[in-house]
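In: please find the sequence and the predicted model below.
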Amino acid sequence: MRRYFGKFSRIIRHLREIAGQTGQGSQASLVDDAKYGGSEFARIQLDLIENYLQRLAKTFTALSLKHLMSGRVSSLPLTLTIDRSESGFPVFQEIMTMANDLVQVDRHLANQPDQARLKEAMIAAILSERARPTSLQYAMSQRIYYETLKSRGLFFAQNHPQFLLLSDAKAQRRRYLLHWAVYDSALSLPVIYLLVVEDTGHVILNEDQMRWPQVQSHLMAQSLSSLKLLTIARGFDVDFDNLHPKLLRRIHVGPMYSHAFTEQTGPLREILAEVSRTEESDWALAWTIETLVSARSERVPAGLLSTVEREIFDLDQYQPAAAEAGVTRLERSLVLPVLPYQVLVDRDPPGFRDVRKYVVGEDGSLLTGF
C-alpha cells in the first residue's frame, strides 16, 4: 500500500502546475477572459483547485495510515479496496467509512495510548522480546490515523458548496464564485466544481437564509458525473430566477493507471506493462476539464405579465465531442513519466492523439504539455 499511495503523492504535487497550463496554446485557458477578473480570477481558481488537491492528498495519507499494517497483522480483517478495473482510486466506500471514523474520532483517541507511550512500549518490546512489535506498530498507525482525521482538512464524499464574492457587495448585479467537490460514487473519482453566478436578488447570497441553503442542496444533488454540465446549468437557471449561471467548470481527477495496481484495458495498459520494470515509471493519470459558458441571456415569459432572465449557453457545433458532452470546451490531458510517454509517442494510438500530455521528468520536473 505504501507504494500505491507513494504514486499518488508524486502525482498530486504536479497537478496545480498542470491546472495552470491546461489550455495554453491552441486550447482555451483554464481561466476565462478578463470579464471574470483576469489574472486575479486565475489565481483564485488555482488556489481553490490546489486546496482541494491538498485535501485529497491528506485523505490518501489518512487511508495509507489506516491500512499501513494490512497483511502484517494476521487478525486484521481490513485491507484497502481499490477500484482496479476503472478509476484506480480507492472505492467510494473507503471514503464513506473514513467519514464515519471521523464522527467517532474523539472516542477512539480517548481509548488509545498516546504516541509517546506507544513508542516506549515498542522499545521495551524490542529490547525484551527481540522481535518486531507488530501489534504495537498497528496501534501506532491507528493512533496517527485518528489524529490525522481530527486535524480536519480532508476530502470527503461531499465537500459542500462555499461562497466567494467577486464583485462589490452593493452592486446591482453581484458576482460570486461558488465551489464544491464530491468523490463520485459511481466512478470512484474526485470531482471539483466551479460556478460563476450573477445575482439580481436583494440580499447577498450567503446571507440569504432562504436561497443559500436551497442553492447548496440543489448543487449537491446535481453533482453527478452522469449529468451533462448543460443539464446542471439549465436546471440551476430555471430553479433560481435571480441567480444567473455564467460559467460552470467540472474537473475530473483521474482515472489513475498502473500495471502493478490496476487492471484497465486498452493501449495504456500495454504501455505501462512495457515500462513496469521501473516502479517510478509505472503510472499515468488522466485529467479532464469540462467548461460551459453563457454566450448571452434573454428575457422569456414567466406568466401573463412578467418575464425572467434565462441564459443561452455556448455549444460549439464545430467541436462535436464538446457539443455532445454538453459543454463549451472539453480538455483532456494525461500526466505520465518520460518512459511511458516515449512508448506512447512511438505507438501513437489513435485515442490519444487529441489528448494533451504532461511529462514528468526523471528529476521530478514537469515538462510542458505536448
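Out: On my side now, so go ahead. Residues are numbered from 1 along each chain as shown.

In: confirm G364 sits in a helix?
Out: No. G364: not assigned to a helix; according to DSSP: H, G, I helix; E, B strand; the rest coil it is coil.

In: how many other residues sit next to it?
Out: Counted with other CB atoms under 10 Å, the neighbours of G364 add up to 11. For glycine as for every other residue, the C-beta is placed from the backbone atoms N, C-alpha and C.

In: next: A323.
Out: When neighbours are counted by other CB under 10 Å, A323 registers 15.

In: so where's this structure shaky on pLDDT?
Out: 1-2, 20-38, 70-78, 368-369 (pLDDT under 70).

In: what's the single longest helix in it?
Out: helix 38-66 (DSSP state H).

In: from H179, how far out is T61?
Out: Applying CB to CB, to the nearest Å, the value for T61 to H179 is 23 Å.

In: who's more crowded, those two?
Out: More neighbours surround H179 than the other of T61 and H179, with 22 against 17 (other CB under 10 Å).

In: you'd agree the more buried one is in a strand?
Out: Yes. Secondary structure of H179, determined by three-state DSSP: located in a strand.

In: enumerate every residue touching it.
Out: Contacts for H179 (CB atoms under 8 Å, 6 or more residues apart in numbering) come out as 48, 161-162, 164, 192-195.

In: quick check: the two most widely separated of the residues you listed?
Out: Greatest spacing in the contacts of H179, by CB to CB: L164 and I192 (14.3 Å).

In: okay, and M96 sits in which element?
Out: Assessed by DSSP states H and E, M96 sits inside helix 92-103.

In: for the most far-flung residue of the chain relative to its centre, phi and psi?
Out: For the chain, the residue at maximal distance from the C-alpha centroid (CA atoms, centre = their mean) is S128, at 47.3 Å. Here is the backbone geometry of S128 (degrees, to the nearest 10): phi -90, psi -40.

In: could you check stretch 192-205 and say which residues are buried?
Out: Neighbour counts over stretch 192-205 (16 or more other CB atoms under 10 Å) mark 192-199, 204-205 as buried.

In: now secondary structure and distance to F155 too, for those, in CSV please.
Out: Shown next, in CSV, are the buried residues of stretch 192-205 (DSSP: H, G, I helix; E, B strand; the rest coil; distance: CB to CB, whole Å):
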residue, secondary structure, distance to F155
I192, strand, 10
Y193, strand, 13
L194, strand, 16
L195, strand, 19
V196, strand, 23
V197, strand, 24
E198, strand, 29
D199, strand, 28
I204, coil, 28
L205, helix, 24
